[in-house]
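A.B. asks: Predicted structure and sequence below. I'll ask about it afterward.
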Amino acid sequence: MSPQPVQRRLVIYCPGFDPRGPRHYRRLYRKQAALYSGRSGIELQVSDMPREDRQWLQWQVHNASDEVTVDYHCLDWSPLIRRYWYESLPSLLRGVFQTLGQYVRCGFLGRVRREAALTGWAFLITLSYLFIALLVASVAATAAAVWLQQAVSGPIAEADWQWLAGAGLLALIAYLMWRHEHRLGARWLMRIAVFCARYAQGRIPQIDSYAEQVTAYIERVAKTKPYDELLLVGHSVGTLLAIAVRARWQQQADADTQPLACLTLGECIPLSSFLPQAQQVHRHIRLAAAHKAPWLDVTAPPDGACFALYDFAAEFADPAASDGRPRCINARFHTAFAADTYARVKRDKFNLHFQYLMAAERPAAYNYFVCSAGPDALDAGTAWSATKPHAP
């Protein structure tokens with residue numbers, strides 16, 4: 001018997017570590033929904049006037065082709081993000097240096113090498129990007145100082161010019177690295193790593209407060225209309241919050257509780273869960289995996305800001321309660337675009353991390369608008385990839 005189509009869906013969206021706020025994500029959704037409609041022929045209509053309710057921005061999506069209505073609620077936790085958003089480079093580098101020290105002391109690098117080498121090292125290299133740029137610049141400055149000292153002390157020999165040429169080359173490399181840093185999102189990743197490490201150590205208790213508020217909000221909104229599906233979406237660092245919410249939903253569940261499906265996109269959970277102090281994160285994962293509702297975890301190996309195809313729940317979930325375990329799939333972005341378009345998409349590592357929320361050129365294994373505004377529930381499946389996850 002085929003599952004009943006979804007006619008009304010509630011989407012709760014938890015953004016990542018992003019100070020831009022929910023209006024940015026509404027503009028993104030509206031723009032990408034229009035692109036999806038033009039390419040697929042499925043008519044998505046996004047309401048013109050969003051409504052604000054304290055820390056939420058709400059809008060409605062109507063799938064006119066499949067007669068699906070979606071109430072889309074985007075959380076605004078940007079005040080917390082801005083509180084931990086390092087503006088000055090020295091403060092940022094100091095925080096990252098401390099975080100890397102914690103990762104080294106707890107064996108984080110060894111776990112990355114053993115269990116998540118596919119993208120873990122790419123993440124760490126990006127995390128160290130500015131340190132490398134500063135090191136190159138320092139070597140260039142040293143070479144220039146040596147040349148200047150020799151130039152002042154006497155006639156300039158041919159070897160002295162080699163010092164100057166080397167200094168100029170290194171300075172050019174450092175400048176190019178610095179100029180193109182935004183395409184990798186190196187500073188963004190640095191802030192994410194510091195934030196996740198602090199959360200694992202219990203130094204950001206506001207996340208638990210947000211999780212309680214979001215859980216209560218879903219419960220309240222879900223009673224207002226007969227929704228066929230409740231879908232909780234977390235992107236990037238927002239996956240930590242989404243897991244905490246689903247864990248609380250499981251804790252208070254009874255026979256009448258509606259299942260809370262979960263879609264996690266571009267997760268970076270190991271930045272917290274690999275730290276030994278992260279017992280609360282481990283507990284959240286265990287409880288979230290025990291909830292008997294679909295959980296789809298979507299990542300992509302070219303995305304250097306996530307731990308691609310890594311089953312982070314395998315270590316903590318109860319093997320006897322496997323119904324709610326995340327199903328790890330590969331977004332396969334390379335199948336969603338023409339070759340020349342994908343080459344451009346792949347080069348911009350920063351925007352690639354947001355591709356999970358964007359329209360594709362071609363039908364592919366994963367499509368955000370099928371999940372959020374399509375007629376199928378998350379457990380029905382829409383040609384999901386059968387990629388095998390990397391488990392510890």
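C.D. replies: Yep, it's here.

A.B. asks: going forward, measure contacts between C-alpha atoms and count neighbours the same way
C.D. replies: Noted.

A.B. asks: Point out where this protein drops to low pLDDT.
C.D. replies: 1-3, 117-184, 320-323, 380-392 (pLDDT under 70).

A.B. asks: let's go with 80 and repeat that
C.D. replies: For the chain, the stretches flagged by pLDDT under 80 are 1-3, 89, 93, 109-110, 112-186, 255, 317-324, 379-392.

A.B. asks: tell me the domain ranges of it?
C.D. replies: The chain is divided into the following domains under automatic domain parsing: 8-82+204-373, 90-96+110-186.

A.B. asks: closest to Tyr103 out of those domains?
C.D. replies: For Tyr103, the closest of the domains of the chain is domain 8-82+204-373, at 7.3 Å, according to CA to CA.

A.B. asks: just how off-centre is the closest one within its chain?
C.D. replies: 9 Å (CA atoms, centre = their mean, to the nearest Å).

A.B. asks: what sits against the residue nearest to the spatial centre of the chain?
C.D. replies: The centroid of the chain falls nearest to Ser236 when counting by CA atoms, centre = their mean (1.7 Å). Going by CA atoms under 8 Å, 6 or more residues apart in numbering, Ser236 touches Pro15, Gly16, Phe17, Thr264, Leu265, Gly266, Glu267, Cys268, Cys306.

A.B. asks: again, only this time at 7 Å
C.D. replies: By CA atoms under 7 Å, 6 or more residues apart in numbering, Ser236 lies in contact with Gly16, Leu265, Gly266, Glu267, Cys268.

A.B. asks: and it, how far is that from Gly95?
C.D. replies: Here the criterion is CA to CA, to the nearest Å. By it, Ser236 lies 20 Å from Gly95.

A.B. asks: now swap in Tyr356 and tell me
C.D. replies: Distance from Tyr356 to Gly95, by CA to CA: 29 Å.

A.B. asks: quick revisit: ok, the residue nearest to the centre of the chain to Met49 distance?
C.D. replies: 27 Å.

A.B. asks: now Leu240
C.D. replies: The value you get for Leu240 to Met49, if CA to CA is used, is 30 Å.

A.B. asks: So which of those two has more stuff around it?
C.D. replies: Taking neighbours as other CA atoms under 10 Å, Leu240 and Met49 compare with Leu240 leading, 26 against 9.

A.B. asks: Counting neighbours, what do you get for Leu75?
C.D. replies: 21.

A.B. asks: Torsion angles phi and psi at the closest residue to it other than its chain neighbours?
C.D. replies: Excluding the flanking residues, the one nearest Leu75 by CA to CA, 6 or more residues apart in numbering is Trp56, at 4.8 Å. Main-chain dihedrals, Trp56, degrees, to the nearest 10: phi -130, psi 150.

A.B. asks: about what we covered before: kindly indicate which of the contacts of Ser236 lies nearest Glu212.
C.D. replies: Nearest to Glu212, judged by CA to CA, of the contacts of Ser236 is Gly16 at 17.7 Å.

A.B. asks: now the helices: where do they sit in the stretch 251-392 of the chain?
C.D. replies: 270-273, 279-290, 339-347, 349-352, 368-373 (DSSP state H, counting those that start in this stretch).

A.B. asks: and those, which is most packed in?
C.D. replies: Of the helices of the stretch 251-392 of the chain, the one with the most neighbours on average (mean count of other CA atoms under 10 Å) is helix 270-273, at a mean of 24.

A.B. asks: Can you spell out which helices and strands pack onto it?
C.D. replies: Here helix 270-273 touches helix 186-200, going by 3 or more CA pairs under 7 Å, 6 or more residues apart in numbering; DSSP states H and E.

A.B. asks: Quick check: what element follows the helix it packs on along the chain?
C.D. replies: Next along the chain after helix 186-200, taking DSSP states H and E as the criterion, comes helix 206-222.

A.B. asks: Go through that following helix and flag the buried ones.
C.D. replies: Going by neighbour count (16 or more other CA atoms under 10 Å), the buried part of helix 206-222 is Ile207, Asp208, Tyr210, Ala211, Glu212, Val214, Thr215, Ile218, Ala222.

A.B. asks: I would like the residues contacting the helix or strand following that helix, please.
C.D. replies: Sequence order places strand 229-235 as the next helix or strand after helix 206-222, per DSSP H and E. By CA under 7 Å, 6+ apart, the surrounding residues in contact with strand 229-235 are 6, 8-16, 242, 259-267, 377.

A.B. asks: Now, the residues you listed that are in strands?
C.D. replies: 8-14, 260-265 (DSSP state E).

A.B. asks: Need the max-distance pair from these.
C.D. replies: Going by CA to CA, the pair spanning those furthest: Arg8 and Leu265, at 22.3 Å.

A.B. asks: out of those two, which sits in the more crowded spot?
C.D. replies: Leu265 (27 against 21).

A.B. asks: And for Ala255, the neighbour number?
C.D. replies: Neighbours of Ala255 (other CA under 10 Å): 5.

A.B. asks: What's the separation between it and Arg248?
C.D. replies: As judged by CA to CA, Ala255 and Arg248 stand 15 Å apart.

A.B. asks: repeat for Glu87
C.D. replies: Glu87 sits 33 Å away from Arg248, going by CA to CA.

A.B. asks: the more surrounded of these two?
C.D. replies: Per other CA under 10 Å, whichever of Glu87 and Arg248 has more neighbours is Arg248, with 20 against 11.

A.B. asks: I would like the residues contacting the helix or strand where that one lies, please.
C.D. replies: Taking DSSP H and E as the criterion, Arg248 maps to helix 238-251. Taking contacts as CA under 7 Å, 6+ apart, the residues outside helix 238-251 that touch it are 14-17, 207, 211, 214-215, 232-234, 264, 267, 269, 284-285, 287-288, 291.

A.B. asks: Using CSV, lay out the contacts of Ser236 together with distance to Gly107.
C.D. replies: Converted to CSV, these look like this (distance: CA to CA, whole Å):
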residue, distance to Gly107
Gly16, 26
Leu265, 26
Gly266, 23
Glu267, 21
Cys268, 17
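
A.B. asks: Can you tell me which of the residues you listed lies closest to Cys371?
C.D. replies: Of all these, Cys371 sits closest to Leu265, with 11.8 Å by CA to CA.
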